[in-house]
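> Structure for this input, please:
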Amino acid sequence: MASSTSSSRSRNPSSGPRSTPDRFANSPSVSSFSAPPDSRKPDSGRNPLTVAVRSIAGAFVSCFTPPETAERKNLIVSNEFGAPSVSSEMSRTTSGRRGSNRVIYSNARKETAPGNMKFTMDEILKATRNFSPAFKVGQGGFGTVYKGRLDDGSLVAIKRAKSSVYDKHLGAEFQSEVTTLAQVEHLNLVRFYGCLEHGDERILVVEYVPNGTLREHLDGVLGKELDFAARLDIAIDVAHAITYLHMYTDHPIIHRDIKSSNILLTEKLRAKVADFGFARLAADMDSGATHVSTQVKGTAGYLDPEYLRTYQLTEKSDVYSFGVLLVELVTGRRPIESKRELKERITPRWAMKKFTDGDAISALDPCLEPTAGTNLALEKILELALQCLAPRRQSRPSMRSCGEVLWSIRKDYREQSALDFRSLSSSSQRSVSVKEQ
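Down below sits the predicted model:
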């Protein structure tokens, strides 16, 4: 999948990234998601459905714009949401796979679109204070990630490759990430600004997401635990992102490393999928191919067992990883818990056993309150996870279908939570009245 860096820097506008609808078909009505007043614009004389969709899009924009990059907030979303028809298996026709809408970002830096920015080594050194340890925010197999501030004041994440990037595997990952990031733009994907090759240095400049990883939040190392509603929102955000990769890019992309440590959270707890080092183009279904034969890449605990066995990679491998992520979200546990007793070490297997035995509630993260709404949603999420974790890929749903199911679960959860709240409030009032008598 590697390609020359120069080709990744300048994209042909006619074949650029495409955006996916911010709402899946059969999702809750507009009234269930209230957009902030400043996110709405007058649309007099237009189709009411268009107005509703633009309201939703505006709400998403306000959620996903980090405070540090407020100067980029004039994001324009096309009015036309060309969503494919709902299907349990993703369509591979041209109209079904590709949306007609685009997301266009206006950028203050030299009026250049993300993915096409040009950087110099002097700019990178200035932004990171010569790669100061104080600016280091992460470490991975590819290299070190630094927080940096550009001359225009905007914050970015700067990924500096290890000096061993010339190793054929790391070099391929660098080229893969550059190539993939240059093709995609979506509110739930980390935005790519540009790259730099200078001597021995290989550098990626991407969006800075300020609030750590999902795994860090589940571990409680960043303070307050994530409540159930936030976890459900995160699951939907990730489903949006993967659906976009599978269905709305010019050629379907398989992420191949969906996991909680690759999910970054904004200050408003909205999710952005990161790290495209293992990404691959999917098989060209129009030519009759059903899979890509490739060396196994990914992370233990999230790997599709059929891919491990056959070396055949499809979009359903991402669906499997997403099923593991769903289990991780509701249990709070890592996919592999080596310090637990034997029957609990493989978290997805343990959670699915609890679910099929009718004891799903015992798999719920102890940090979460088991309300009626939470218990109902937990059952449905584990049921969806069970489908995603099917041993054979043909039995797994598409990512689009996963997103639709999660929208429905969230709608029911909110309605039940509202009933629980009213019931609790009424009970409290009666208790106060009895005490006064």
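
> which residues sit in contact with V319?
The contact partners of V319, by CB atoms under 8 Å, 6 or more residues apart in numbering, come to 388, 393, 396-399, 402. Where C-beta positions appear, they are placed from N, C-alpha and C, glycine not excepted.

> So, low pLDDT: which residues of this protein?
Within the chain, the segments meeting pLDDT under 70 span 1-116, 140-142, 162-177, 283-293, 423-437.

> can you map out the strands along it?
75-77, 103-105, 136-139, 143-149, 155-161, 192-198, 201-207, 253-254, 263-265, 271-273, 280-281, 292-293, 312-313 (DSSP state E).

> Among those strands, single out whichever gets nearest to K411.
strand 271-273 (19.0 Å; CB to CB).

> Any buried residues in that closest one, and which?
Of the residues in strand 271-273, 271-273 count as buried by neighbour count, 16 or more other CB atoms under 10 Å.

> what does stretch 214-228 give?
Applying 16+ other CB under 10 Å to stretch 214-228 flags 214, 216-218, 225-226, 228 as buried.

> now, the most widely separated pair of the residues you listed?
E216 and F228 (18.2 Å).

> G143: which of the buried residues of stretch 214-228 is nearest?
Among these, and counting by CB to CB, the member closest to G143 is E216, at 19.6 Å.

> which residue sits closest to that closest one in space, ignoring its chain neighbours?
L222 (5.2 Å; CB to CB, 6 or more residues apart in numbering).

> hang on, isn't the one you found packed against P210?
No - assessed by CB atoms under 8 Å, L222 is found out of contact with P210, at 11.0 Å.

> now the helices: where do they sit in the chain?
5-9, 48-64, 94-97, 121-127, 168-181, 214-219, 228-247, 305-310, 315-331, 347-356, 372-388, 399-436 (DSSP state H).

> thinking again about what came up before, mind putting the strands of the chain in JSON lines, distance to A363 included?
Formatted as JSON lines, these follow (distance: least, CB to CB, whole Å):
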{"stretch": "strand 75-77", "distance to A363": "38"}
{"stretch": "strand 103-105", "distance to A363": "37"}
{"stretch": "strand 136-139", "distance to A363": "30"}
{"stretch": "strand 143-149", "distance to A363": "33"}
{"stretch": "strand 155-161", "distance to A363": "34"}
{"stretch": "strand 192-198", "distance to A363": "37"}
{"stretch": "strand 201-207", "distance to A363": "34"}
{"stretch": "strand 253-254", "distance to A363": "29"}
{"stretch": "strand 263-265", "distance to A363": "20"}
{"stretch": "strand 271-273", "distance to A363": "22"}
{"stretch": "strand 280-281", "distance to A363": "33"}
{"stretch": "strand 292-293", "distance to A363": "34"}
{"stretch": "strand 312-313", "distance to A363": "30"}
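
> of all these, which lies closest to E369?
strand 263-265 (21.1 Å).

> got a list of contacts for that closest one?
Taking CB under 8 Å, 6+ apart as the rule, strand 263-265 contacts 190, 209, 211-215, 217, 234, 238, 271-274, 325.

> so which of these comes closest to V137?
G212 (9.0 Å).

> contacting residues for the residue nearest to the closest one when sequence neighbours are not counted?
Excluding the flanking residues, the one nearest G212 by CB to CB, 6+ apart is L222, at 5.0 Å. By CB under 8 Å, 6+ apart, L222 lies in contact with 211-212, 216.

> Out of those, flag the one nearest to S408.
Using CB to CB, the contacts of L222 come closest to S408 at N211, 27.5 Å.

> doesn't L269 make contact with that closest one?
Yes - the pair formed by N211 and L269 meets the contact definition of CB under 8 Å, at 7.2 Å.

> roughly how far apart are the closest residue in space to V137 that isn't next to it in sequence and T213?
The spatially closest residue to V137, leaving aside those adjacent along the chain, is K147, at 4.9 Å (CB to CB, 6+ apart). Counting by CB to CB, to the nearest Å, the separation of K147 from T213 is 14 Å.

> domain parsing for the chain?
Following the assignment in automatic domain parsing, the chain carries domains at 114-208, 214-418.
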